[in-house]
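Peer 1: next comes the sequence, and after it the predicted model I'd like to discuss.
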Amino acid sequence: MGLTITTALIALVVWRLLYEYRRDRGLPPGPRRLPLIGNLHQAPQVLPWRTFDAWCKQYGPIVSAQFGRQTTIFISDGAMAKDLLDKRSNIYSDRPWLVMARDNVTKGMHLLLRPYDDRYKLHQRMEAPVLAPRASSTYLPIQDLESKQLLRDLLSSNDFSHAFERYSISLLFALAYGFRIETGTEPELDWAREVQDNFVFAARVGTWIVDAIPILNTLPPRLAPWKRVAEKLYKVESEAHIRNMNRGLASDSWNWTKEFSKSKQSKEMDTLEFAYDLGILANAGFETTSVAMGIFVLATQAYPAFVARAQEELDRVVGHDRLPGPGDKNHLPYIQAVVEETLRWRPLAPQGVPHATTQEDTYGGYRIPKGATIVPLFWSMCQDGSHYERPLEFLPERWLAPSDDPDRFTNYFGFGRRICTGRHIAKNSLFMLITRILWGFNISRPRGPEGKPVPVDDLAFGSGFVSSPDPFQVVFEPRSEHAREVMESEWELTEKDLSVLMNGVKEHQKSLGLEIRA
Ligand code: HEM
């Protein structure tokens, strides 16, 4: 009997070792794996991209690691990432399977986590008309209004994080649901934050046993405590999306909810799936835009020299008597360079958003298995010294002359068929906010007890999937009394009735020949 068990155990071990040998053969190099768990014991919880970057420096620009059942390929080279995720996007557009976040918490309805299948394409077809570049440019009047409020808010408060959050959520909610977040104390902002935090919590690698061993998800809820957690998070999120969708349908202004509800794609979705589509779209643009703006403010403190040059350009091109606007863009090359450098300097998603393969592939002699998670390390690509001189420094000048380096990484909005669908709206927001803030304000740091400016650490960031700078304080001061008056009067005089503005957006889209149904 004892001998039989020993023999069975040895057979099992031999089988497992053979399985792992076959699974790992031909993969890109990487840190040594342990049987069964692979590199799980090395999965970093703090600033994980720094560890992955160090692996790439040690083993090469394409590295493999095994986290439990999941083979993961890290790419630290921008050209390689484009080769695979852009040029071979027919097989590199899936997402890794996150059992807790995708199946349990969002019940398969989170657009960012959806597999690349017909259902995903149905949602993309429904959204595409309102997110295309020409449609995105029609939202400038809403961005104008929200940015004027942001300037007004910064005249009386230095809480820039709150002002950027309010701007971002108000813009997205105006577009998606036809209502604004005017004070930043509305419950909708709290729900949006809660949903965002829950997503990060549910999607965290190494937190949920069921992500490592998916078969456990067949257990009934009483034996699966994670399912009970998931149900609570699901309730919060689904109720928020439904409430917002109902407000969108009832709103008297044109908005995406009404527009999508007239589409033929929406007829193939039930109410909840439809509500999630809008909710995820609105939430995707909320934290990203506000964190990018926080990074810009950090840059003004860590590398203040660029501010004077940007303000000189604004004074020369725009003058002192009006706010800059989108029409000035082509005459403001330095400001455009500041926007580009803000996205590069400290990428807000330092480990990108992982893709997954739907077929086995080979690249550079290595095998990339079907179902592998592909992590484009934005941090490494943005800090690559062979493409960027002094990469850790904020130097907008690097973008002024045309580049003869085709491999310089600029895919801050991702790759191929999964590229960020809100990128045109996002870029317009960043330009509008950055130009107007630089036009109107000098930003400085408060003085510490010894009268010296409180230092900032431009490498102190959070470990989340969207990584924001650690909290720091600054003081916003109008550049002159006249600048204050212009900012105040622009706010006073601007049209604030959202129905008027959104119905104007609708008419503008029609005049461009865009297909408008609602
Ligand atoms: C500075 C602001 C932003 C940055 C840097 C950013 C970046 C990204 C990145 C890196 C991805 C993943 C792409 C990939 O998988 O290759 C993504 C996906 C996405 N973004 Fe953005 N984003 C921003 C703003 C926005 C805004 C304003 C919206 C909505 C209007 C939005 C909506 C989305 C959606 C829906 C996806 C999921 C696409 C999919 O999985 O198919 N983003 N974004």
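Peer 2: Arrived safely. Numbers count the residues shown, from 1 in each chain.
Peer 1: count of neighbours near the residue of the stretch 251-400 of the chain found nearest the ligand?
Peer 2: Across the stretch 251-400 of the chain, no residue is closer to the ligand than Gly285, which sits at 2.6 Å (Cβ to the nearest ligand atom). C-beta: built from backbone N, CA, C; applies to glycine. The burial metric for Gly285, expressed as a neighbour count using other Cβ atoms under 10 Å, is 22.
Peer 1: over to the one 5 residues further on?
Peer 2: By the criterion of other Cβ under 10 Å, Ser290 has 25 neighbours.
Peer 1: and for the one 5 residues further on?
Peer 2: Summarising burial for Ile295: neighbours were counted as other Cβ under 10 Å, giving 21.
Peer 1: that one reaches Leu348, doesn't it?
Peer 2: Yes: the pair Ile295 and Leu348 passes the contact test of Cβ atoms under 8 Å, sitting 6.5 Å apart.
Peer 1: got any residues that touch both of the two?
Peer 2: Each of Ser468 lies in contact with both Ile295 and Leu348 under the rule Cβ atoms under 8 Å, 6 or more residues apart in numbering.
Peer 1: return the residues in contact with Leu377.
Peer 2: Leu377 makes contact with 49, 52-53, 56, 74-76, 350-352 under the criterion Cβ under 8 Å, 6+ apart.
Peer 1: report the separation between it and Ala230.
Peer 2: The span separating Leu377 from Ala230 equals 29 Å under the rule Cβ to Cβ, to the nearest Å.
Peer 1: apart from its chain neighbours, what residue comes closest to Lys510?
Peer 2: Spatial nearest neighbour of Lys510, excluding adjacent residues (Cβ to Cβ, 6 or more residues apart in numbering): Ile516 at 5.2 Å.
Peer 1: let me fix that: Trp345
Peer 2: Phe394 (4.9 Å).
Peer 1: where does the one you found land in three-state SS?
Peer 2: Here Phe394 is recorded as coil under DSSP: H, G, I helix; E, B strand; the rest coil.
Peer 1: can you pull the contacts of Leu113?
Peer 2: Applying Cβ under 8 Å, 6+ apart, we find Leu113 in contact with 95, 98, 101-102, 106, 203.
Peer 1: could you work out the most separated pair of those residues?
Peer 2: Farthest apart among the contacts of Leu113 by Cβ to Cβ are Arg95 and Thr106. That separation is 12.1 Å.
Peer 1: the two: who's more crowded?
Peer 2: Higher neighbour count among Arg95 and Thr106: Thr106, with 29 against 20, using other Cβ under 10 Å.
Peer 1: give me the distance between the more buried one and Leu98.
Peer 2: From Thr106 over to Leu98 the distance is 9 Å, taken as Cβ to Cβ.
Peer 1: again with Trp491
Peer 2: 43 Å.
Peer 1: neighbour count winner among the two?
Peer 2: Counted by other Cβ under 10 Å, Trp491 and Leu98 do not tie: Leu98 has more neighbours, with 24 against 19.
Peer 1: tell me the pLDDT of the nearest residue to that one once chain neighbours are set aside.
Peer 2: The shortest distance from Leu98 to any residue that is not its chain neighbour, by Cβ to Cβ, 6+ apart, is 5.5 Å, and that residue is Ala203. The per-residue pLDDT reported for Ala203 equals 88.
Peer 1: how about Phe173?
Peer 2: In this model, Phe173 is scored at 97, pLDDT.
Peer 1: what segments of the stretch 401-518 of the chain are helices?
Peer 2: 423-440, 481-493, 498-511 (DSSP state H, counting those that start in this stretch).
Peer 1: out of those, nearest to Ile181?
Peer 2: Shortest separation from Ile181 across these is recorded for helix 498-511, at 11.2 Å, computed as Cβ to Cβ.
Peer 1: now do that closest one, average pLDDT.
Peer 2: If you average the pLDDT over helix 498-511, you get 95.
Peer 1: kindly report the same for stretch 263-278.
Peer 2: Computed over stretch 263-278, the mean pLDDT rounds to 97.
Peer 1: what do you get for stretch 207-224?
Peer 2: Here stretch 207-224 scores 90 as its mean pLDDT.
Peer 1: quote the end-to-end distance of stretch 202-213.
Peer 2: Start to finish, the residues bounding stretch 202-213 are 15 Å apart (Cα to Cα, to the nearest Å).
Peer 1: what sits up against that stretch?
Peer 2: Contacts with stretch 202-213, where a contact means Cβ under 8 Å, 6+ apart, come from 40, 43, 45, 48, 67-69, 98-101, 104-106, 113, 201, 216-217, 224, 226, 230, 233, 465.
Peer 1: any quick PyMOL command for the buried ones out of those?
Peer 2: Selecting the buried subset of those in PyMOL, with 16 or more other Cβ atoms under 10 Å as the burial test, is done by:
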select buried, resi 40+43+48+67+68+98+99+100+101+104+105+106+113+201+216+217+224+226+230+233+465
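Peer 1: filter the contacts of stretch 202-213 by proximity to the ligand?
Peer 2: Taking Cβ under 6 Å from any ligand atom as the test, the ligand is in contact with none of the contacts of stretch 202-213.
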